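A.B. asks: with the sequence up front, the predicted model follows.
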Amino acid sequence: MDVEEKKPIKRWGWIDSHAHLDMADFDPDRAEVLQRAWDQGLAAVITIGIDLESSRKAVVLAGQEDRVWATVGLHPHEAGAYDPRQVTEIKSLARNEKVVAVGEVGLDFFRNYAPHPRQKECLRAMITLAREVSLPLVIHDREAHEEVMAILEEEKAGEVGGVFHCFSGDWALARRCLDLHFLLSVTGALTYKRGSVLEEVVRRAPLDTLLLETDAPFLTPQPLRGRRNEPALLRHTAARMAEIRGMALEELGEAVYRNTCRAFRNKFEIRSTKSETSTNV
């Protein structure tokens with residue numbers, strides 16, 4: 001009988017640092033979605049909590065799947081219903097061994113699904129929580145750059161650091177994020193337009209500050225826009241990033257793997273059996 005053992009990943013592999021695997025989009029074929037990810041060489045996927053229900057689901061899914069990890073948090077879209085009592089349960093979930101960050105949290109002044117004061121109150125509470133449980137943050141920032149940065153600075157979020165999910169700012173904002181000990185996570189949006197501001201950020205940012213994500217089921221990369229995104233499609237964004245930086249895909253993959261592990265405090269582990277074959281990258 002094969003003996004199951006838990007051990008650190010000893011080789012590099014692609015990590016999708018941000019996906020929403022709990023969403024109903026994946027209900028018909030979640031197992032197949034994950035198998036396609038592993039077949040494409042992914043070593044891990046982080047599934048993201050955006051409210052209490054999805055945070056619970058993320059933790060459950062991470063507990064069922066060895067190479068899936070979770071975050072927990074309250075998205076700015078949910079801030080209208082924010083109640084400080086929710087923090088107690090989020091904190092309890094955050095202590096689960098498969099939880100690697102507090103997020104997705106932040107401000108969204110584009111959709112404006114919640115009043116700005118409530119969004120700010122919720123973000124401050126989530127930063128405080130992250131500091132209490134010593135976990136990094138996953139930040140959502142849409143058309144609220146100055147306000148997000150001001151709150152992060154005021155609340156000393158740099159003490160825990162983390163990741164700017166779906167980074168959408170210019171190089172000046174990127175520098176401010178890096179100075180605050182946050183890394184930059186890039187989605188399939190990188191494949192949409194040549195010569196974009198995001199492309200400039202990817203070209204200029206130090207290699208050790210970049211992460212990759214799908215934000216699945218959203219932001220499907222070219223040439224597959226119009227269909228549901230999933231972790232297996234991370235390869236398209238990775239290929240574009242390697243092209244922009246003028247480097248071999250494997251070299252980029254090794255760097256991004258290290259960056260992602262560092263961003264999430266090297267918590268990634270997999271369960272394997274002695275008969276298991278290595279992932280083909």
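C.D. replies: Great, that's in hand.
A.B. asks: give me the below-cutoff pLDDT ranges for this protein.
C.D. replies: 1-11, 268-281 (pLDDT under 70).
A.B. asks: can you map out the helices along it?
C.D. replies: 30-39, 52-64, 86-94, 116-133, 145-154, 171-179, 197-204, 234-245, 249-263 (DSSP state H).
A.B. asks: buried residues, the last one. List them.
C.D. replies: Residues of helix 249-263 classed as buried: 252-253, 255-257, 259-261, 263 (neighbour count, 16 or more other CB atoms under 10 Å). Quick note: C-beta positions are derived from backbone N, CA and C, even for glycine.
A.B. asks: who are the packing partners of that helix?
C.D. replies: Secondary structure elements in contact with helix 249-263, counted by 3 or more CB pairs under 8 Å, 6 or more residues apart in numbering; DSSP states H and E, are strand 14-19, strand 210-212, helix 234-245.
A.B. asks: tell me which of these sits nearest to residue 168.
C.D. replies: strand 14-19 (13.4 Å; CB to CB).
A.B. asks: hang on, the earlier thing: mind putting the helices of the chain into TSV with distance to residue 191?
C.D. replies: Shown next, in TSV, are these (distance: least, CB to CB, whole Å):
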stretch	distance to residue 191
helix 30-39	18
helix 52-64	26
helix 86-94	33
helix 116-133	30
helix 145-154	23
helix 171-179	19
helix 197-204	10
helix 234-245	5
helix 249-263	14
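A.B. asks: which one of those helices lies nearest to residue 17?
C.D. replies: Taking the helices of the chain one by one with CB to CB, helix 249-263 is closest: 5.4 Å.
A.B. asks: what angle separates that closest one from strand 14-19?
C.D. replies: 50 degrees (axes from the mean of the first three to the mean of the last three CA atoms, to 10 degrees).
A.B. asks: what's helix 249-263 in contact with?
C.D. replies: The set of residues external to helix 249-263 that reach it, using CB atoms under 8 Å, 6 or more residues apart in numbering, is 12-15, 17, 43, 136, 161-163, 183, 207-212, 238-239, 241-242, 245, 268, 281.
A.B. asks: buried ones among those residues?
C.D. replies: Buried among these by 16+ other CB under 10 Å: 12-15, 17, 43, 136, 161-163, 183, 209-212, 238, 241-242, 245, 268, 281.
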